[in-house]
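Colleague: Task: produce atomic coordinates for the following.
(chains A and B)
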Amino acid sequence: MSEKIATRVAYGETLVQLGKEYPNLVVLDADLSGSTQSAMFAKAFPERFYNMGIAEANMTGVAAGLAACGKMPFTNSFAMFATGRAYEQVRNSVAYPRLNVKIVGSHGGLSVGEDGATHQCIEDYALMRAIPNMSVLSPCDANEMRCAVRALVNYDGPAYLRLGRLAVECVTDAIPGYAFRWGRGCVLREGGDATVIAAGMMVQMALKAAEILAAEGISVRLIDMHTIKPLDYELVLKAALETRCIITTEEHSVIGGLGSAVAEFVSEHCPVPVVRHGVYDTFGRSGKAQDVLETFGLTPEGVAEKVRQGLKLKRD
Amino acid sequence: MGTAPFFYGGTVATTGKVGYTRNRNRHSAPVCLAAGVKNTGTGVLRLPGDRKSKKDDINRTGKVNWMEQSVSHALAVTAAKGRLLGMDMVHRAASGHIGGSLSAMDIMTVLYFHVMRLDPARPQDPARDRFVLSKGHCTPALYPMLALRGFFPAEELKLFRSIKGTLSGHAEMGQTPGVDMSTGSLGQGISAAVGMALAGKADGKSYRVYTLLGDGEIEEGQVWEAAMAAAKYKLDNLCAIVDVNGLQIDGATADVMPSEPLDKKFEAFNWNVIPVDGHDLDALEAAFVQAAECKGRPTVLLAKTVKGRGVSFMENQAGWHGKAPNDEQYEQARRELAAALAELEGGASHE
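Modeller: This next block holds a predicted model:
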C-alpha cells in the first residue's frame, strides 16, 4: 500500500499525458472541470477543451458529432448527470451509432458524501451496462485508473468510465504481475473457500475483509473486476467452479450492476450461491463520506459479513 | 465529383437580379443540379419538357431569366419526384412519417441538389458537407434524396422499414450510405451537428454542417442547449433549418406547446435568423447563400411550410404526421403528385 490518491486525480493527469500523444483527443465538461479534474487538460490544451456549460444532454450529443468527424472526445460530469441526465443521449447518439466517445462519470457512488442523495449515483453501472455496444469500467485505484484511461484511448468505441471522489489507497501496484487487461479481471488474492468480486474502491474494502476472514480461518479469493462490461466470464466461471461461492461488492445498487452481471452469468452457467453486497434499493444520504459508507455497510466488515452469509449457502 | 449523370460539369450563370449569387465562390467543385437536368454542352441547360410561358419564368425585374428558371425548375422536378418516391415508400411499408416529409421535401431538394458539396461515390469523404436529419422520422424525405443523388439504388427504397433492407424508419449512420448521423430521438441531432461544426472549426476544414429540425422538435430543451453552444463557439459553418409546418402529433404546435416567436427566440440565442418560404426554391437557395455569408454566428432558416404539402387531403392535417395512406388514399395522393410532376415536365405522364 502506497500513496493515497483519488482515481479522478489520476484520470486528470493521465488525460494530459494522452493529450500529448493523441492530437485528436478532445475533452468536454459541463461546468465541473475542477471536480472532474478535466481542468488539468483544459490548462494544458485549451484549444481542445470545450466547456459546454450545465447542459449534459447537449454535451453528449456534441461529443457524438465530434467523434463522427474523427475526434476522440471524453465527456466529463458527475456520474449522476453523465449517465442519468444524459442517459438517452448516451444510448441514441453515442452507443447506437457506436461512436468513439468516452463518457466519464466522476463522483460515483455514496462516497460523494455531503452533497447527498441527488448527487450519489448508485445506478450508473446498471444504466450503462444495459446499453448495447457500451463498455463499463470502474478502476479501484490510481495505478489501475492510469492503465484504464490508456486502454480507453486504444479502444475504438463507446465506453463509460467511473471515477471516485475520495483519495484511496493504491493497491494494484503492489500486486506482483499486475497487468491491466481490457475485459479481464485481476486476481488480487488467492483463496479457496469463496470468491469476492469487487469493483471501484470496494476492492480495497474487500482486501481488508479478506484479512478479517483469514483471521477466522476463511480463505477468500479476491477478483478486482475493473471492467464490469464486457465481464470476464472465464474468470467468473473458474471462481464459481473452484470456490463454489461468490460474493460481489460494489459502491452501487445491488440492482443492475456488478452483482447482477455476475449473478446473471453464474445462474445460467454454474449455479452456486451469489451474494450481492452494495446499496440495497435505497437512496443515499448526506454526511461525511466515511459516515455515509459506514451507515450503508460499505465497509470491510460489511463485505466480510456477506462472505459469512454466502458460506452458509454453499453446498459441496 | 462530377461523374454522376445529373451533375452539370460547368458553372451556372446568374444575372444577380434576384439579389444573390447562385454560384458561390466556395463552389469550386461543379455545382450540382437537379435530377434530370442535361448539360447540352452549349452552356444552356435543357430540361425534359422545358417550357417558357410560366409566370415563374419572369424574375422580379420583369425580365425573363431562362437560366435561373431552369435551375429552379429542375429542382422543382426533383422535389416532385421526391414526393412521389416518399409516398410510394410509406404506402409500401404501410408505415412512416409522410406529413413532415412532404413539408420538408423542397428544403431537402435544395440542400441535396444545389447547396451541399457531396460525392455519392465517396460518402465518407472527410471534406463533404454534413447533413443531420434532427427530425429523424422524416426519412421519406431523406431517402428519396439520397437515392436520386446516387448514394444507393432507388430500388432500395422499396425495402423502407423492412427487416430485409437497409433503410430504417429513422435515419441510421453506418447502415445507409449518405447518412451522417443516427437520429430519431428528437432534439439530439442538432447537438451532433454542433459537434461536427466544432470539429470542422478545430481542424480548419471548410465543410459546412446542415441540420433539419421540426417546429415540434424544438420543444425539446436540448435544442436550446445546443443553440447556446453553437453561438458560444461562433459556428458560422452551421446552418439549422426549422421546418415550421405548425403541426405535431397531437395537433397544432400553437396548442400543444406554443413556441412562437421563434425568430426572437433564436435571435436572443445569438443566431442569425432568416425567415423563408420553405416551398419557394429560389428563396431557399438565396437563404442558404445568406447563411454561408454570415460570419461569426450560426444561422437558422425558419422555413414556413405546409405539412403534407402536395397532397390535398394531407395538407395541414396533424393526423398525417405518422400515418400511411390506405390503397385508395394512396392512389389519390399519387395521382395528385404525379400530376404536379407531369405539369412541371410539360405534360408527360408519370402514372
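Colleague: Just give me the neighbour total for A:Asn92.
Modeller: A:Asn92 has 21 neighbours, counted by other Cβ atoms under 10 Å in any protein chain shown. Just so you know, the C-beta spots here come from the backbone N, C-alpha and C atoms, and that holds for glycine as well.
Colleague: name the element the closest residue to it other than its chain neighbours belongs to?
Modeller: Spatial nearest neighbour of A:Asn92, chain neighbours left out: B:Ser185 (4.4 Å); criterion: Cβ to Cβ, 6 or more residues apart in numbering or on different chains. Using DSSP states H and E, B:Ser185 falls within no helix or strand.
Colleague: got a list of what B:Ser185 touches?
Modeller: B:Ser185 makes contacts with A:88, A:92-93, B:136, as judged by Cβ atoms under 8 Å, 6 or more residues apart in numbering or on different chains.
Colleague: cool, and B:Lys158?
Modeller: Contact partners of B:Lys158, counting by Cβ under 8 Å, 6+ apart, are B:88-89, B:92, B:165.
Colleague: Could you rerun that using 7 Å?
Modeller: B:Arg92 (Cβ atoms under 7 Å, 6 or more residues apart in numbering or on different chains).
Colleague: Quick check, pLDDT for it.
Modeller: Note on B:Lys158: pLDDT of 97.
Colleague: That one: what secondary structure?
Modeller: Recorded secondary structure, B:Lys158: helix (DSSP: H, G, I helix; E, B strand; the rest coil).
Colleague: got the residue ranges for the helices in chain A?
Modeller: With helices called from DSSP state H, chain A shows them at A:7-21, A:33-36, A:39-44, A:56-68, A:79, A:87-89, A:124-129, A:142-153, A:202-215, A:233-243, A:258-269, A:289-295, A:300-313.
Colleague: Now do the buried residues in the fourth one.
Modeller: Judged by neighbour count using 16 or more other Cβ atoms under 10 Å in any protein chain shown, the buried positions of helix A:56-68 are A:56-68.
Colleague: returning to what we had before: do you know how far the residue nearest to A:Asn92 is from B:Gly322?
Modeller: Distance from B:Ser185 to B:Gly322, counting by Cβ to Cβ, to the nearest Å: 15 Å.
Colleague: next one: A:Leu166
Modeller: Taking Cβ to Cβ as the measure, A:Leu166 and B:Gly322 are separated by 50 Å.
Colleague: ditto for A:Gly70
Modeller: Going from A:Gly70 to B:Gly322 by Cβ to Cβ gives 35 Å.
Colleague: Between these two, point out the one with more neighbours.
Modeller: Shown here are A:Gly70 and B:Gly322; by other Cβ under 10 Å, B:Gly322 has more neighbours (16 against 11).
Colleague: Without its sequence neighbours, what residue ends up closest to the more buried one?
Modeller: Excluding its sequence neighbours, the residue lying closest to B:Gly322 (Cβ to Cβ, 6+ apart) is B:His97, at 4.8 Å.
Colleague: what number of residues lie near the one you found?
Modeller: Residues near B:His97, counting by other Cβ under 10 Å, number 25.
Colleague: if I read this right, it contacts B:Ala324, doesn't it?
Modeller: No: using Cβ atoms under 7 Å, B:His97 is not in contact with B:Ala324, being 9.4 Å away.
Colleague: what does the model give the nearest residue to A:Met202 once chain neighbours are set aside for pLDDT?
Modeller: In this structure, A:Met202 finds its nearest non-sequential neighbour in A:Thr249, 4.3 Å apart by Cβ to Cβ, 6+ apart. Listed pLDDT for A:Thr249 reads 98.
Colleague: how far away is A:Thr249 from A:Thr227?
Modeller: Noted for A:Thr249: a distance of 16 Å to A:Thr227, by Cβ to Cβ.
Colleague: who has more neighbours, these two?
Modeller: For the pair A:Thr249 and A:Thr227, the greater number of neighbours falls to A:Thr249 (30 against 24), based on other Cβ under 10 Å.
Colleague: so that one touches A:Val303, yeah?
Modeller: Yes: when contacts are counted by Cβ under 7 Å, A:Thr249 is listed as touching A:Val303 (5.0 Å).
Colleague: follow-up on the earlier one: want to try JSON lines for the buried residues of helix A:56-68, with distance to chain B and pLDDT as columns?
Modeller: Putting the buried residues of helix A:56-68 into JSON lines (distance: Cβ to the nearest Cβ, whole Å; pLDDT from 0 to 100) gives the following:
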{"residue": "A:Glu56", "distance to chain B": "9", "pLDDT": "98"}
{"residue": "A:Ala57", "distance to chain B": "5", "pLDDT": "98"}
{"residue": "A:Asn58", "distance to chain B": "3", "pLDDT": "98"}
{"residue": "A:Met59", "distance to chain B": "8", "pLDDT": "98"}
{"residue": "A:Thr60", "distance to chain B": "7", "pLDDT": "98"}
{"residue": "A:Gly61", "distance to chain B": "2", "pLDDT": "98"}
{"residue": "A:Val62", "distance to chain B": "4", "pLDDT": "98"}
{"residue": "A:Ala63", "distance to chain B": "6", "pLDDT": "98"}
{"residue": "A:Ala64", "distance to chain B": "5", "pLDDT": "98"}
{"residue": "A:Gly65", "distance to chain B": "2", "pLDDT": "98"}
{"residue": "A:Leu66", "distance to chain B": "4", "pLDDT": "98"}
{"residue": "A:Ala67", "distance to chain B": "7", "pLDDT": "98"}
{"residue": "A:Ala68", "distance to chain B": "6", "pLDDT": "98"}
